[in-house]
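1. Here is the input, now give the coordinates:
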Amino acid sequence: RAIEEFAAALPGADSRGAVISSLPESLSRATREKCLAAGIVPLQGQREALEALDLAGAVGETWARGAAVQLHLPRAAVGSARTLAEHEGKRALAAFGVPVPRSRVVPVAEAAAAAVQLGFPLVIKATAAALEHKSEVGGVVLNVRSAAEAEAAAQRLAALSATVLVEEMVTDGVAEILVGVTVDPQFGQLLVLGAGGVLTELLRDSVSLLPPFTAAAVAAALGRLKVASLLAGYRGRPPADVAALVQTALACTRYAAANLERLVELDLNPVIVRPAGLGAVAVDALIRLEEH
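-> Presented below is the predicted three-dimensional model:
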């Protein structure tokens, strides 16, 4: 009877009607069907109902702003995929606004000269595309501070590749963050943010975002991470340049959208976030593209 009276009053109201039960099991199937037939939304459980209303309000605000999302159907299962060499991936990402370190790819014999040109300290890495996790096989030498050290590092890496990536080293990082794009078989491209560097596997701290990818959504997602306190300035450390990190993440989504039909995986780990006002730098990049 109460639902019938509620339904009769709705045509004169300026809003939609909903019925909320205090517990999920308190609303019987017959009552739910009666509500739906009358154009009333049955919401089961107070907590679940409030979450649903909150999400509905967010959708309404998005529609009111006129925000349009281009929907992309997920691709079929990928056949073979090619992993770009790190310097190739960084060059491609830089074209979309992802900040990367200054670097040069040179033969092993020219590493010392390249190091002097770039300035110290440096990182020197093997360049073979097959080495997706170079640090695990000794393919990365950090904190190179002289031409002699650069030559020694390059000679050591010669067993892994004939050329090396000589790259400036970021020394003032406040936090290391993972930024990536994965392709979900149901939802398509997802932006992934999480604890980066050695903390990735240790903390398993990450969030995934569906499009549309906005600065506000990315900033809010970063705030939900366990490592958010590092970005805010932890125990006397300076606050991180979160604005630059947000723009780096958005630049990744632009690259991903431009490579929609080929992208299998994009992983920047880590993005080193420097103190506020000094930017963020993607110091490692893994990109896998489907081969046509």
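
2. Does the longest helix along the chain pack against any helices or strands, and if so which?
-> Counting residues, the longest helix found in the chain (DSSP state H) is helix 46-64. Here helix 46-64 touches strand 17-21, strand 40-44, going by 3 or more C-beta pairs under 8 Å, 6 or more residues apart in numbering; DSSP states H and E. All C-beta atoms are positioned from the backbone trio N, CA, C, and that covers glycine.

3. Turn those into CSV, including mean pLDDT and distance to Leu131.
-> Converted to CSV, the helices and strands packed on helix 46-64 look like this (pLDDT from 0 to 100; distance: least, C-beta to C-beta, whole Å):
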stretch, mean pLDDT, distance to Leu131
strand 17-21, 90, 56
strand 40-44, 91, 52
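
4. Present those as CSV; the columns should include distance to Ser80.
-> Below are the helices and strands packed on helix 46-64 laid out as CSV (distance: least, C-beta to C-beta, whole Å):
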stretch, distance to Ser80
strand 17-21, 50
strand 40-44, 47
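
5. if we can go back for a sec, run the chain-centre distance for the next helix or strand after the longest helix of the chain.
-> Using DSSP states H and E, the helix or strand that directly follows helix 46-64 along the chain is strand 81-83. Taking C-alpha atoms, centre = their mean, to the nearest Å, one finds the center of strand 81-83 at 20 Å from the center of the full chain.

6. Relative to strand 81-83, what are the paired strands and their orientations?
-> strand 286-290 (antiparallel) (DSSP bridges).

7. Now do the helices in the protein.
-> Under the criterion DSSP H, helices of the chain are mapped to 2-9, 29-37, 46-64, 86-94, 111-118, 147-157, 199-203, 215-223, 228-232, 242-258.

8. So which of those helices is nearest Ser22?
-> helix 46-64 (5.7 Å; C-beta to C-beta).

9. sorry, back to before: list the contacts of the longest helix of the chain.
-> Outside helix 46-64, the residues that touch it by C-beta atoms under 8 Å, 6 or more residues apart in numbering are Ala18, Ile20, Ser21, Ser22, Leu23, Pro24, Leu43, Pro212.

10. Just the buried ones from those residues?
-> Using 16 or more other C-beta atoms under 10 Å as the burial test, these include Ile20, Ser21, Leu43 as buried.

11. For my notes, please list the residues you listed in CSV and give distance to Gly194 for each entry.
-> Converted to CSV, the buried ones among the contacts of helix 46-64 look like this (distance: C-beta to C-beta, whole Å):
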residue, distance to Gly194
Ile20, 35
Ser21, 37
Leu43, 33
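
12. What is the nearest of those to Ala220?
-> The closest of the buried ones among the contacts of helix 46-64, once distances to Ala220 are taken by C-beta to C-beta, is Leu43, at 24.7 Å.

13. Look up how far Leu50 lies from the closest one.
-> Distance, Leu43 to Leu50, by C-beta to C-beta, to the nearest Å: 9 Å.

14. Then Pro212?
-> From Pro212 to Leu50 the distance is 24 Å (C-beta to C-beta).

15. before we move on, back to that, I'd like the helices of the chain laid out as TSV, including mean neighbour count and distance to Gly279.
-> Below are these laid out as TSV (neighbours: other C-beta atoms under 10 Å; distance: least, C-beta to C-beta, whole Å):
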stretch	mean neighbour count	distance to Gly279
helix 2-9	12	56
helix 29-37	13	53
helix 46-64	12	30
helix 86-94	20	13
helix 111-118	20	18
helix 147-157	19	25
helix 199-203	14	21
helix 215-223	16	16
helix 228-232	17	14
helix 242-258	20	4
